[in-house]
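S.K.: what's the 3D shape of this:
(chains A, B, C and D)
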Protein chains: 2
Amino acid sequence: MTSMVTGQETNGQARPSRSRGRPRSFDRATALEKALAAFWRHGYEATSVSDLTRIMGIGAPSLYAAFGDKRTLFEEVVRVYTGGHGAFADRALAEEPSARAAVERTLREAAVRYTDPEHPQGCLIAHAATNCTSPEVERLLRERRDASLAALDARIRADVAAGLLPAGTDAAALARHATAVLHGMSQQARDGAARADLEALAEIAMAIWPRT
Amino acid sequence: MTSMVTGQETNGQARPSRSRGRPRSFDRATALEKALAAFWRHGYEATSVSDLTRIMGIGAPSLYAAFGDKRTLFEEVVRVYTGGHGAFADRALAEEPSARAAVERTLREAAVRYTDPEHPQGCLIAHAATNCTSPEVERLLRERRDASLAALDARIRADVAAGLLPAGTDAAALARHATAVLHGMSQQARDGAARADLEALAEIAMAIWPRT
DNA sequence: GTTTTAATGTAGCGATCGCTAGAGAACGAC
DNA sequence: GTCGTTCTCTAGCGATCGCTACATTAAAAC
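M.R.: This is a model prediction of the structure:
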């Protein structure tokens, strides 16, 4: 567990299975999870490096040696989030038989996930780079949002082409609506909305879909 | 703050027609508008005092003498925004004959306002205190969002009581949906959505309302 | 004119920001 | 053991943060 992937992420280059020098005194994956939680709750800029070192339980030089600079660490955190807590929407889109079913599942699941007290509320991709001084970091998350919107849009168009949705369906508007509701749910979760509040919102939001 | 008895201006109250000392070399309202634009675009924390002094065209001591500290300036900016660019939702709620009409007008107007190139995109109340280190500032905007949601909720309940909406209507869910769509529109506007995109979204979002 | 009052420009306060140099500590290789 | 390598700790870099002391300037009051 300790030296499973040690250091490969840092510069991409493979290291010998047994590293030579002094071994790392902390678990890299665990520290990364702590950083994820911090960035998730407070966003990129509001989480200082000294916050991170305190929360991750390591010194600043260890952080920089293991993760590069703050921005590189954030990018890795975003990858971890996207592959973990944030993967449910992509999963629904991949597994459900229709765009409608995928959106319904996504919204219902978001109501649960966004209010889960086990981790910060809402969506990291939606919030963590808001009001961010660094254009690169802001772009990183904006591109992810754009990609999600485009994927949903494409899926809805495919359903229209396949006859799963009426011919006149405004795919772009449907996709934007689902995305807007999702972001709105994230905001409301951060503002303290309860799971049941968001579940009712998710249910009512599905009413805009044409009956198939 | 010692000799800040001039703080009368802070709350908009008139000063003695002629003040005694050296007159202010800038227009207070104009400077406030510049500060509004900066906070609106970059948020509370990402807008530094040195950003503000540069944009407002005044020195730091002048800023502190005229507006108090950064947080007090932001609070005044929020009041200006709430009474100006951000007043359209309250206005719709006050002027339209039904909650449904008010929401429809609000969403349509938001599509135009949130994408207006004359000022920053989206809604200041929704974004300016996201990822904010100061709990007071974050609370300031969150309470405004809560109040808007509560006002809409109350209005929908009133319409249900008046028979304008079916008896079984889930007022809370309807209010949360409209709020979520509004916040989602604000996010999408900031991400570069065009006015027509948000207008189509606004139109489709109204489909969840029960036919009267 | 002098005095009083208030706004201005300069210059810099202590604190924090992201980040790193340098010395010591813990390992494998020999 | 010694050597080379790598991580950790202390300490602090330059830059920026929000904010202010101080001297100066421009007006009304006298």
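S.K.: Excluding sequence neighbours, find me the nearest residue to the residue nearest to the spatial centre of chain A.
M.R.: Among the residues of chain A, the one closest to the centroid is residue A:86, at 3.7 Å (CA atoms, centre = their mean). Spatial nearest neighbour of residue A:86, chain neighbours left out: residue A:125 (6.0 Å); criterion: CB to CB, 6 or more residues apart in numbering or on different chains. (Glycine included, C-beta is placed from N, CA and C.)
S.K.: Hmm, the one you found is touching residue A:141, no?
M.R.: Yes: counting by CB atoms under 8 Å, residue A:125 does reach residue A:141; the two are 5.3 Å apart.
S.K.: number of nearby residues for residue A:172?
M.R.: Neighbourhood size, residue A:172 [other CB atoms under 10 Å in any protein chain shown]: 18.
S.K.: Identify the contacts common to residue A:125 and residue A:141.
M.R.: Common neighbours of residue A:125 and residue A:141, using CB atoms under 8 Å, 6 or more residues apart in numbering or on different chains, are residue A:78.
S.K.: which regions of chain A sit below the pLDDT cut-off?
M.R.: Counting by pLDDT under 70, the ranges of chain A that qualify are A:1-18, A:212.
S.K.: Kindly report the domain assignment for it.
M.R.: If you go by automatic domain parsing, the domain ranges for chain A are A:26-82, A:86-208.
S.K.: Please produce a markdown table containing those domains, extended by distance to residue B:33.
M.R.: Formatted as a markdown table, these follow (distance: least, CB to CB, whole Å):
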| stretch | distance to residue B:33 |
| --- | --- |
| domain A:26-82 | 26 |
| domain A:86-208 | 20 |
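S.K.: Can you say which of those domains is packed in most?
M.R.: domain A:86-208 (a mean of 19; mean count of other CB atoms under 10 Å in any protein chain shown).
S.K.: Quick one: end-to-end distance for that domain.
M.R.: 25 Å (CA to CA, to the nearest Å).
S.K.: Can you name the residue of chain A nearest DNA strand D?
M.R.: residue A:21 (1.7 Å; CB to the nearest atom of the strand).
S.K.: Give me the phi and psi angles of residue A:210.
M.R.: phi -60, psi 140 (degrees, to the nearest 10).
S.K.: Quick check: it touching residue A:170?
M.R.: No: the pair residue A:210 and residue A:170 fails to qualify as a contact (CB under 8 Å) at a distance of 9.9 Å.
S.K.: what about the longest helix seen in chain A, near chain B?
M.R.: Across chain A, the longest stretch assigned as helix under DSSP state H is helix A:135-161. Yes: under the criterion of CB under 8 Å from any CB of the partner chain, helix A:135-161 makes contact with chain B via A:142, A:145-146.
S.K.: ok, back up a step: now for the helix or strand harbouring the residue nearest to residue A:86, which elements pack on it?
M.R.: Following DSSP states H and E, one finds residue A:125 within helix A:124-127. When contacts are defined as 3 or more CB pairs under 8 Å, 6 or more residues apart in numbering or on different chains; DSSP states H and E, helix A:124-127 sits against helix A:28-42, helix A:70-83, helix A:135-161, helix A:171-190.
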